[in-house]
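Student: Below are the sequence and a predicted model; questions follow.
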Amino acid sequence: MGSHFHGNVHKELVLVSGRSHPQLAADIAKKLRISLLETSIYDFANGEIYVHFKESLRGCDVFVLESHTEPMNKWVMEQLIMVDALKRASAKSITVVCPFLGYSRQDKKHNGREPISARLIFDLFAAAGADRIMSIDLHSAQIQGFFDGPVDHLYAMPILTNYIKRRVDINDVVVVSPDAGRIRVAENWAERFGGCPLAFIHKTRDIFRPNVVKVGRVVGDVIGKDCVITDDLIDTGGTIAGAVKVLYETGAKSVIVAATHGILSAPARERLLECNVTEVVVTNTLPISQEKQFENLTVLSVAPLLAKAIEAVFEAGSVTSLIDDTNL
Ligand code: R5P
């Protein structure tokens, strides 16, 4: 909890966290120079979740952090229950902070009789009492429109590119989109590398089999180049390992993979180790357990980005300006 005075108006910034990613919560609180709100959370014998906040929240601006890692349904439910408790405790505003938004991959129907779970998740948070949502690298930007209120869509791109710029030959780099759908994002990345060339992988998917990808061919010139693949997430690693393989087959000199969300479900670790990728760079939007880690995996922190965004929302400052922040 942190107190701030604005003229004669006393405002309270409160950060509360569920149990999914305690390290990230602690890192954000440290950056904000506040302590996390003391909270009691436990499971009943049948799995129901109980939440109790130890201090009054009346009139406070509360930020509720939960990372939608496995078991995702539990953490989504826990965050909903925290929001409900905050609403009933008369918090002045409730911002749902989900560094990785679970279910956001399903943001449109590819086929008849399918859900649009990204919309459902936002509807659930709205029903629970959320006033605003903060997230990093949503699966697609238009998901912002699924919530009828402000959505702070943050980008890990400055964090990832600031790091990767030091690992490649800037005169020989090509940004690679792992599929045609992400070319717009890859264009933004290419601008960060001084307007370098782009390539993309022509990829097809079996819409009836989750996580099954057929990698096609490379479109663009990658021969002798340092390739940087950018994706929003790595789940089982099929997309990325396939892309790395086809880039090497086409003549790439090195391949660095950058993805915001390191879900790294099995067998991602094995696939990424086998494909000879130069380096895999992800962020800590999700906790990455010891078993998922490997030597050439680098994990960068989003705590400074989230702390700055929370501060900007609380102080009514600019969140947009964070996209050009070189100190993240
Ligand atoms: C696809 O649209 C996503 O951006 C990722 O490329 C994909 O979901 C990653 O999944 P996996 O690692 O299982 O191939």
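Tutor: Nice, I can see it. Predicted model only: the values in this text are computed from it and were never measured.

Student: quick one: D179 and V185 touch, right?
Tutor: No. With contacts counted by C-beta atoms under 8 Å, D179 stays clear of V185, the gap being 10.6 Å. No exception for glycine: its C-beta is placed from N, CA and C like everyone else's.

Student: Without its sequence neighbours, what residue ends up closest to the residue in the stretch 1-150 of the chain that the ligand sits nearest to?
Tutor: For the stretch 1-150 of the chain and the ligand, the shortest gap (C-beta to the nearest ligand atom) falls at R105, measuring 5.9 Å. Of all residues not flanking R105 in the chain, H139 sits nearest, at 5.2 Å (C-beta to C-beta, 6 or more residues apart in numbering).

Student: What strand or helix carries the one you found?
Tutor: Using DSSP states H and E, H139 sits in no helix or strand.

Student: Point out the residues in this structure that sit beside the ligand.
Tutor: Selection of the chain residues close to the ligand by C-beta under 6 Å from any ligand atom yields 105, 178, 211, 213, 231-240.

Student: Can I get those in TSV including secondary structure and pLDDT?
Tutor: Formatted as TSV, those follow (DSSP: H, G, I helix; E, B strand; the rest coil; pLDDT from 0 to 100):
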residue	secondary structure	pLDDT
R105	coil	93
P178	coil	94
N211	coil	67
V213	strand	64
D231	strand	96
D232	strand	96
L233	strand	97
I234	strand	98
D235	coil	97
T236	coil	97
G237	coil	97
G238	helix	93
T239	helix	93
I240	helix	95
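
Student: Give the buried subset of those as a PyMOL selection command.
Tutor: Here is the PyMOL command that selects only those of these that count as buried (16 or more other C-beta atoms under 10 Å):
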select buried, resi 178+213+231+232+233+234+235+236+237+238+239+240
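
Student: hang on, the earlier thing: got a list of what the residue nearest to R105 touches?
Tutor: Residues near H139 by C-beta atoms under 8 Å, 6 or more residues apart in numbering: 101, 104-105, 107, 118, 232-233.

Student: Need the pLDDT of it.
Tutor: On pLDDT, H139 comes in at 93.

Student: same question, the one 5 residues further on
Tutor: Here, the pLDDT recorded for Q144 equals 96.

Student: Report the separation between the closest residue to it other than its chain neighbours and R132.
Tutor: Nearest residue to Q144 in three dimensions, chain neighbours excluded: V151, at 4.2 Å (C-beta to C-beta, 6+ apart). According to C-beta to C-beta, to the nearest Å, V151 stands 7 Å off from R132.

Student: does A199 have beta-bridge partners, and which?
Tutor: V176 (DSSP bridges).

Student: Double-check it against R217; I have them as touching.
Tutor: No. Using C-beta under 8 Å, A199 is not in contact with R217; the gap is 10.4 Å.

Student: more neighbours, those two?
Tutor: A199 (22 against 10; other C-beta atoms under 10 Å).

Student: list the contacts for that one?
Tutor: Counting by C-beta under 8 Å, 6+ apart, the residues that A199 touches are 174-177, 218-222, 227.

Student: for the closest residue to L160 other than its chain neighbours, helix, strand, or coil?
Tutor: Leaving aside its sequence neighbours, L160 sits nearest to A258 (C-beta to C-beta, 6+ apart; 4.6 Å). Following DSSP: H, G, I helix; E, B strand; the rest coil, we place A258 in the strand state.

Student: can you pull out the strands in the stretch 101-250 of the chain?
Tutor: 132-136, 151-154, 173-177, 198-205, 213-219, 226-234 (DSSP state E, counting those that start in this stretch).

Student: Show me what the residue nearest to L160 bridges to in the sheet.
Tutor: Those that pair with A258 in a beta bridge, by DSSP bridges, are T230, V281.

Student: Now do the contacts for it.
Tutor: Contacts of A258 by C-beta under 8 Å, 6+ apart are 160-161, 164, 228-231, 281-282.

Student: Tell me who's in contact with the residue nearest to Q144.
Tutor: So V151 contacts 132-135, 143-144 (C-beta under 8 Å, 6+ apart).

Student: Which of those are buried? Put it as a PyMOL command.
Tutor: PyMOL command restricting the contacts of V151 to the buried ones, with burial defined by 16+ other C-beta under 10 Å:
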select buried, resi 132+133+134+135+143
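
Student: Determine which two of the contacts of V151 are furthest apart.
Tutor: Comparing every pair within the contacts of V151 by C-beta to C-beta identifies R132 and I143 as the most remote, at 14.3 Å.

Student: Among the contacts of A199, which one sits closest to the ligand?
Tutor: Of the contacts of A199, the one sitting nearest to the ligand (C-beta to the nearest ligand atom) turns out to be S177, at 9.9 Å.

Student: Can you give me the neighbour number for the closest one?
Tutor: 25.
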